[in-house]
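In: sequence-free structure coming up:
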């Protein structure tokens, strides 16, 4: 494969690989079922499982690495595939760029189209938006499970979960923080994979897999196009990511806007501080 430039696919680190088949499970699996219970319970790990043997790069192009999830989602455990039906598969990103990072994969004929072209179909776009809303809710519930105990806005809810105060008279947990507002969904202007995929992830950009400027800017600039912005106008500048130079631009903190130029190490140090402050809001 020809060497990629800053204007091509992000990097091979970002490409989601294919794990070996695991035991079959029902198509209705949902890794976050336990989250809906009113009392805190131990939840299954949401850490994506690792491949049991090295990836064979000669098997197929790494840019086709999402194909097996689309074709055979039932062969993966719920720690990899979140849910699936006849039209969509939702998975954990193998190389997350935020603390919670998922992908929505269409299984229709649109699956090998560029998102800008695929989302010009209003019927297809409507179905994607419906699934994004579903996955956004799942991601939000996982954020609440992970960070609710730290959040000031979730103190009343946590008090009930911890048995410190009884349930209200209506037997419903306090709503607490609106974690869905902490979730973004969209596509890259120049995707790293051949198969159409929508990123649904937390806003924090806090991950060990965030390793350099292109990784960060692919989610922190207009290279990342929110799903709500589709369909795009024909003259939308985001149709020309190379010309606009998004990936090579200065790195700016997603939360406070501070400009770190090309100083990635300093940005990463700053992101740790911002992550801690964000989860405590």
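Out: Now that the structure is in, tell me what you want to look at. Just so it is clear, the structure is predicted and the values come from calculations on it, not from any experiment.

In: going forward, measure contacts and count neighbours with C-alpha atoms only.
Out: Noted.

In: which parts of the chain are strands?
Out: With DSSP state E as the criterion, the chain has strands at 81-84, 88-92, 101-106, 183-188, 198-202, 224-226.

In: relative to residue 111, how far out is the residue lying closest to residue 166 once chain neighbours are set aside?
Out: Leaving aside its chain neighbours, residue 166 sits nearest to residue 160 (5.9 Å; criterion: Cα to Cα, 6 or more residues apart in numbering). Distance of residue 160 to residue 111, given as Cα to Cα, to the nearest Å: 44 Å.

In: what's the answer for residue 185, then?
Out: For residue 185, the distance to residue 111 - Cα to Cα - is 17 Å.

In: more neighbours: those two, which one.
Out: residue 185 (24 against 18; other Cα atoms under 10 Å).

In: ok, now which ones touch residue 238?
Out: Residue 238 sits next to 189, 222-223, 225, 244 when contact means Cα atoms under 8 Å, 6 or more residues apart in numbering.

In: so for residue 272, which of the strands of the chain sits nearest?
Out: strand 198-202 (14.6 Å; Cα to Cα).

In: quick one: average pLDDT of the closest one?
Out: Here strand 198-202 scores 98 as its mean pLDDT.

In: how about residues contacting that strand?
Out: 98-105, 132, 135-136, 139-140, 143, 182-187, 227.

In: same check, this time on stretch 171-185
Out: 38, 132, 136-137, 139-141, 143-144, 148, 151, 153-157, 160, 167, 198-203, 226-227.

In: low pLDDT regions in this structure?
Out: 1-60 (pLDDT under 70).

In: kindly list the longest helix within it.
Out: Ordering each helix of the chain by length in residues (DSSP state H) puts helix 122-147 first.

In: give me the distance from that one to the chain's centre.
Out: 10 Å (Cα atoms, centre = their mean, to the nearest Å).

In: ditto for stretch 91-104
Out: 4 Å.

In: who touches that stretch?
Out: Contacts for stretch 91-104 (Cα under 8 Å, 6+ apart): 13-17, 48, 79-83, 88-90, 105, 131-132, 135, 139, 142-143, 197-210, 215-216.

In: filter the contacts of stretch 171-185 to the buried ones?
Out: 132, 136-137, 139-141, 143-144, 148, 151, 153-155, 157, 160, 167, 198-203, 226-227 (16 or more other Cα atoms under 10 Å).

In: thinking again about what came up before, PyMOL command to pick out the buried ones of the contacts of stretch 91-104?
Out: Here is the PyMOL selection string for the buried members of the contacts of stretch 91-104, based on 16+ other Cα under 10 Å:
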select buried, resi 14+15+16+17+48+79+80+81+82+83+88+89+90+105+131+132+135+139+142+143+197+198+199+200+201+202+203+204+205+206+207+209+210+215+216
